[in-house]
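Engineer: Turn this into a model:
(chains A and B)
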Amino acid sequence: MTASYIKFPYLILFLFVSIGFAQNGTSEDYQFLERNETINIKLRKGKFNIVKSIHEKAEYITANKLYFANEVLRFDSFTKLEDIEAVTNLPDGKSVEVDYIETKHEFDDGIFYSDQQTKNFTFPAVTKGAVTDLKYKEIISDPHFLGLFRFGTFAPTKKAQLTIEFPKNVQIGYREFHTENIPVNFTKEETKKSFIYRWSVENVSKFTGEEDAEAALYYLPHIIIHIKNYEEKGKTVPVLSNVTDLYSWYASLAKQVDENDLKKVYQIAEDIASKYNTDVEKAEAIYNWVQGNITYVAFEDGLGGFIPRGAASVCKNRYGDCKDMANLLYVMLNHIGIPSFRTWIGTRDRPYLYEEVPTPMVDNHMITATIIDNDTIFIDGTDSYVNFGMPSSFTQTKEALIGITPEKFVLMKVPKQPSDKSKAVINTTISFEDGKINAKEQRILTGYEKVDFVTDYLYKKKDNTEEEFLNTTLALGNNKTKYQNIEVSPLESQHKTLTVSYDLIIDNYVKTIGSKTILNLNIDRTLSKEKIDIKNRKYTKKIDHQFQKEYTTTFQIPAGYKVTSIPKPIKYDGKTYGFTISYEEKEGVIIQHKNIYVNSLRIEKEDFEAWNTFVKKLIKAYKKSIIIEK
Amino acid sequence: MRTFIVILLCLCSTQAFSQYYKDYDWEKNPVLHQLSEQEADESSIAIIEKYIIEYYEPKLGGVIRKFETNHTITRVHDEKGIKMHNRVYIPMYNVKKIVDIKARTISPDGKVTLLNKDNIKEVKNVEEYGDFKIFAIEGAQKDSEIEVLYTLEKQYSAFGRQTLQQDYPIKTLEYHFISGDLEGQIKPYNTTGLFQKMTYNNRAGLKLILNDIVPMIEEEYSTSDANKTAIAYQCFGQEGVTEALLWNNVVSNISEGMFPSTPNKEIKKIVENILKDQKQDDFTKAYLIDDYVKKNFTVIKNNNEQLSDIDYILKNKSASDLGIIKVYGHFLTAAKVEYLPMITANVYQQRFDPEFFNPSSLREFLIYIPETGNYITPDRIEYRLSEIPFYILGNNAMYINNKLQYSFYKTKQSDPDYSRVIRNMNISFEDELEAVKIAQRQEYYGYWSITNRAVLNLSPDQSIKEFEDYLTGSGIEDKVVKSYSVENKDITQLEYNKPFIVNSEITSESLLEEAGDSYIFQVGKVIGTQSELYQETKRVNPILMQYPNHYDYEIVVTIPDGYNVEGLESLIIKKELLDEEGKQKCKFESNYTLEGNKLTIIIQEFYKVSEYDIAEYDTFRNVINAASDFNKAAILMNPKE
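Structural biologist: Below you'll find the predicted structure:
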């Protein structure tokens, strides 16, 4: 239950929109007076000419946040930016034009090379009362990428409007998201040659992110538009009218995958498979080989961002991104006779179903689906520490588009993984000596509990020592807890469990007051900080995975002491989440048994109270100490 | 024919003798290197990192040429090691020509994979770093060696700086500085290693060899990046270039327009307007000017050269970090406020060295107002005329006066009591000892108030929420905030060091633990989570706190009727660090008085100076950790019999 962060970057960083809440701050200092977008579609001899005209007017209500004057417009090989006109209109009636625009590249932690570039400029002379006016055109070279339009954004918007004008022989599809609470005014017009659709809204308040929330697209009011098809010479030519169209486009790209020189790849697959008997074992061994030998490096270069690199090259270079690894697995598994399929999927950051909006907006990732003994197993080459058989945590519940043949596909949901697959079993022995706690602890982790620990251990630890890492991550006892004799079992995906063990010395923890020594056996207070601020929280709480924790804590009663108080057992069964804690005294020891489970990936707003009851009860249970006296 | 061959040979040999990089190459048939057990345990380790900097003056005159060669062999042992080294970024800043870029991997079974040069990508104009050539290493797997070798010809520049210490261990590091007959010198930093004279193909040079460089550890209260092993060098095409000449050159380059003889007319009017009916001391005047500029101008970092042109700046109200100094120059001159532009580096990135000129340390431009001892920080919107920003404090800096003379000073705070936190708490118990109620007033002064105001005014809502949580008491997991309000939140506060004030009331159940009929009150937790210097290993970096600090807390606890208290001795803590004269440099002291049912706890903690020697680390740590000790303090409340 560590705070979620992106572990692995995904297939496509979408071009037209910067998804996610902007890092910018509160709204009272800055607002959009207008945000207008007009998409003009022309079709000539089967070739589309698509131009988006954007017009934004923003007002500086105060001079507190002049940094909003820094504007960044993105483009890549599918888009061109033209006719950028930017001007600041000052309260005294004067205006100053932007006369300097720089083209830049950005480095991205996740994507090694991207053809995305930016146009950067700063509105001049902004101050209190200034209104900036920005106009530009975006030329879209591929009709599959119309993008999305946001009715709301990081700052309040007085008026937002999307217009699309298209020839009468073209059909478009559209779908609004999260506009239930804002009245969208939709109109249709007709001219001699074209249709004009228009959506407008007024006074949309700003949107800001929240901790542990789903991605912005789960809340932000927006609309997705796509070209369904067009008619030419009496025939209907499909573009993206349904999932079939989307899939046949994907399949046409997949056809371009380089399938030469596969001899070596086949050889590796055969060598691995020959050591095993069953298909499951073979597939698992191949998966583990890819996990252990291919490193994640992502390139986004035009359509190359959509077409996997050939398996031979990935194998030789030893690196690839999600689609490259998915394709390599697909080639290797099929070669040894295990039916496997290239699979497109959106990570949990994307809220759409394919049927809702059959466009590339739905997905941002690629995996492999394999069928063994009639079971569909989702394999993700990018999540290096997931055991074979479990999908990557960030694809759970998502709809997968499985390509069976170039003509045939299947849509299937990636199952939510039950909590017993992600388990932490914690055994602790505690003794009390010279006012200090000495403890030996062992944690056996499986599933996503294991993946989370490994990812943190490898990448969050940074330059810290192992001791410091455990001190801040596990936070056992208090922040004076010392960790010694740390041992971590091998991390790789072929190991089903991960064992972490260490000794603890906890100073300033036990309270000895008068004759009484008071000791709290809950040195691990997991979930105690997870209470939801119901009054202020706007969005659902996201949970990365379902899990169980089982603690057995044995306290050795020191010689000469007797136990005078043991807490009563406590249980809370909230159906989807709960815990039990009980204590027993026997033969010189007190044993605490504690089980906690969370069987949900999301806490909905109507369940906030129930969740808080659970956390409050847990905190209350954590408060109970044992007392020993001489 | 024979003559021709001879001449050709001569040409080749002079060429070969002149430029060292031309002879330099990697092993024809590479083999894996032997590593010790400990070395084999690292995620990755550089076996060699070699830098060759070569200045070369063509025999027939002309511009000096400069070549940089970089050669590394790195063993990678696991996924983390591979990920750290399999993506290569080569900066193209000032590069005239790429002589060669090549890379290969040697797999554990000795197989060599050579980089396909077609896979080298170009990226243009990245942030403020310029262009890059980037590529992914091909064929890297666990336990293989990655080798990268490239030579670039650069535009002649007399200066350079290079950080040598990395985030991974380096077995052998070689630095070769070849200047031939040209006047050149090189200075190592943060190492005991020394450069030795060498000849390279009959050309004079200097060589530094360092073995077993450990990765720099990030320690709390340290400037670990600035403490990394580094070198800086100079190489001139003419003789007799002195340090004084170089610094004077900086002054004349940048001071143009910084001291206008007559201020711009428009600015003069604005100044008259903003100073009307205000006090006429330098603090007030400079403060109001700073506030005006921050609310009307923006500082921009890009390649637009016009941003240092005063006419362009005044029209567009946009300036570079240097250009904005000129704006202040006009404003301050118009207001008749004395000022000194000041140049230095961020103390966490680089130590400014007045004895060895190096342009990469000329990064931060500030303005010193001598009459008040305060600074204007033009490119930081959260600052108004104040003490020197903490990220500069303690670094050396160059100050320029209006006669265009320069001097160096180590920056320091003018008001030793600038940063203080005063907290007053009243604690009582509610609902038959179910919950603790804490009413609190906090006053934040100095840097504290700057940071608090910056967060609350400029951060995204989500960060503001988190910050409000911190302001009402961190680490109290089930806290319920009953009330919360702040005073003096605006960034603009004309009154000198006006405190930022928080009033809050919270309740918590978790602060009271049950133990039979008694209650344990975790009173220490009410001061919030305190940082604990955890480090058990030997301290590497000297201590630098962000700024001197002073805390005064008073906590009044009303013990509920019918209860006695026990265990008050855990409230008495005293830790201090004394200087040679026995004066306290820093201390933590807590104590209590009990009158009837009123328990009053007093805490005083201060750090009078921000810098401490490594030798003082243990004592310093005891003082820092004392607050964390207090945080664990608890008292027992027993029912009266």
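Engineer: Break down the chain into its helices, ranges please.
Structural biologist: Using chain A. Applying DSSP state H to chain A gives helices spanning A:243-254, A:263-274, A:279-293, A:311-317, A:322-335, A:447-455, A:466-473, A:608-622.
Engineer: Wait, chain B was what I had in mind.
Structural biologist: B:2-18, B:37-40, B:79-85, B:243-254, B:265-275, B:282-296, B:310-316, B:323-334, B:447-458, B:461-471, B:617-631.
Engineer: So which other helices or strands are in contact with the helix or strand of chain A with the lowest mean pLDDT?
Structural biologist: Counting by mean pLDDT, DSSP states H and E, chain A has its least confident helix or strand at strand A:511-513, which shows a mean of 81. Counting contacts by 3 or more Cβ pairs under 8 Å, 6 or more residues apart in numbering or on different chains; DSSP states H and E, strand A:511-513 packs against strand A:516-519, strand B:635-639. For glycine as for every other residue, the C-beta is placed from the backbone atoms N, C-alpha and C.
Engineer: Run a quick neighbour tally on residue 36.
Structural biologist: By default, I'm working from chain A. 17 (other Cβ atoms under 10 Å in any protein chain shown).
Engineer: meant chain B actually
Structural biologist: Neighbours around residue B:36, by other Cβ under 10 Å: 9.
Engineer: got a list of what it touches?
Structural biologist: Going by Cβ atoms under 8 Å, 6 or more residues apart in numbering or on different chains, residue B:36 touches no other residue.
Engineer: Show the backbone phi and psi for it.
Structural biologist: Dihedral angles of residue B:36 (phi, psi; degrees, to the nearest 10) stand at phi -70, psi 170.
Engineer: what do you get for residue B:63?
Structural biologist: Main-chain dihedrals, residue B:63, degrees, to the nearest 10: phi -70, psi 150.
Engineer: Just the pLDDT for it.
Structural biologist: Residue B:63 carries a pLDDT value of 87.
Engineer: quick one: it and residue B:153 touch, right?
Structural biologist: No. The criterion here is Cβ atoms under 8 Å, and residue B:63 misses it with residue B:153 at 11.4 Å.
Engineer: ok, back up a step: could you identify which of the helices of chain B is most buried?
Structural biologist: Most buried of the helices of chain B by mean neighbour count (mean count of other Cβ atoms under 10 Å in any protein chain shown) is helix B:323-334; its value is a mean of 24.
Engineer: CA atoms only: put it into PDB for me.
Structural biologist: The C-alpha trace of helix B:323-334 is given here as PDB (Å, rounded to 0.1, in the frame of the first residue of the first chain):
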ATOM      1  CA  GLY B 323      18.800  41.200 -17.800                       C
ATOM      2  CA  ILE B 324      16.500  41.500 -14.700                       C
ATOM      3  CA  ILE B 325      19.500  42.900 -12.700                       C
ATOM      4  CA  LYS B 326      19.500  45.800 -15.100                       C
ATOM      5  CA  VAL B 327      15.900  46.400 -14.400                       C
ATOM      6  CA  TYR B 328      16.500  46.500 -10.700                       C
ATOM      7  CA  GLY B 329      19.500  48.700 -11.500                       C
ATOM      8  CA  HIS B 330      17.200  51.300 -13.000                       C
ATOM      9  CA  PHE B 331      14.600  51.000 -10.200                       C
ATOM     10  CA  LEU B 332      17.200  51.200  -7.400                       C
ATOM     11  CA  THR B 333      19.100  54.100  -9.000                       C
ATOM     12  CA  ALA B 334      15.800  56.000  -9.400                       C
END
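Engineer: Whether it contacts chain A - can you check?
Structural biologist: No. Helix B:323-334 lies apart from chain A when judged by Cβ under 8 Å from any Cβ of the partner chain; the minimum separation is 12.7 Å.
Engineer: residues making contact with that helix?
Structural biologist: With Cβ under 8 Å, 6+ apart, helix B:323-334 has contacts from B:257-260, B:262-264, B:267-268, B:270-272, B:286, B:289-290, B:292-293, B:297, B:299, B:307-310, B:313-314, B:319, B:338-339, B:341, B:365, B:367, B:369, B:376, B:378-379.
Engineer: Neighbouring strands of the least confident helix or strand of chain A in the sheet, and parallel or not?
Structural biologist: strand A:516-519 (antiparallel) (DSSP bridges).
Engineer: Nearest spatial neighbour of the residue of the stretch 301-450 of chain A found nearest chain B, chain-adjacent residues omitted?
Structural biologist: Closest residue of the stretch 301-450 of chain A to chain B, Cβ to the nearest Cβ: residue A:317 (4.2 Å). Nearest residue to residue A:317 in three dimensions, chain neighbours excluded: residue B:138, at 4.2 Å (Cβ to Cβ, 6 or more residues apart in numbering or on different chains).
Engineer: returning to what we had before: quick check: which of the helices of chain A is buried the most?
Structural biologist: Among these, helix A:322-335 has the highest mean neighbour count (mean count of other Cβ under 10 Å), at a mean of 26.
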